[in-house]
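In: with the sequence up front, the predicted model follows.
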Amino acid sequence: MAYRHELSQQESAILHRIAWNVNKPMTETLGGILRTIAEQFPPDEVCRTCRDRSGCSGCFFNHEQSDNERRS
């Protein structure tokens, strides 16, 4: 299930400006931002605190995936 949070005016303005800067759609830009931030977290810690074990096989943080698979 996709998360449907409404952005504040300020958050929307920030995302618009970043998207314009990288010349990408906002949705693609937001995904890139999330992946970039996620790379900063140790996967073992994220997995240890995870509350949803139903999607481990396709999870970005899954240790068994290669780095290339996580970035796609």
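Out: Sure thing, it's come through.
In: for the residue positioned nearest the centre of the chain, give its distance to E45.
Out: With distances taken as C-alpha atoms, centre = their mean, the residue of the chain nearest its centroid is L34 (2.9 Å). As judged by C-beta to C-beta, to the nearest Å, L34 and E45 stand 17 Å apart. Using the backbone N, CA and C atoms, a C-beta is placed for each residue, glycine as well.
In: for L30, see how far away A2 is.
Out: Taking C-beta to C-beta as the criterion, A2 is separated from L30 by 12 Å.
In: more neighbours, these two?
Out: When A2 and L30 are compared on other C-beta atoms under 10 Å, the one with more neighbours turns out to be L30, at 15 against 4.
In: pLDDT at the more buried one, what is it?
Out: Note on L30: pLDDT of 94.
In: next one: Q65
Out: At Q65, the model reports a pLDDT of 56.
In: quick one: the strands in the chain?
Out: Under the criterion DSSP state E, strands are not mapped anywhere in the chain.
In: which stretches of it have low pLDDT?
Out: When the per-residue scores of the chain are filtered using pLDDT under 70, the ranges that remain are 1, 65-72.
In: list the contacts for the residue of it positioned farthest from its centre?
Out: Relative to the C-alpha centroid of the chain, counting by C-alpha atoms, centre = their mean, Q9 is the outermost residue, at 20.8 Å. When contacts are counted by C-beta atoms under 8 Å, 6 or more residues apart in numbering, Q9 is found next to no other residue.
In: distance of it relative to R35?
Out: Using C-beta to C-beta, one gets 25 Å for the distance from Q9 to R35.
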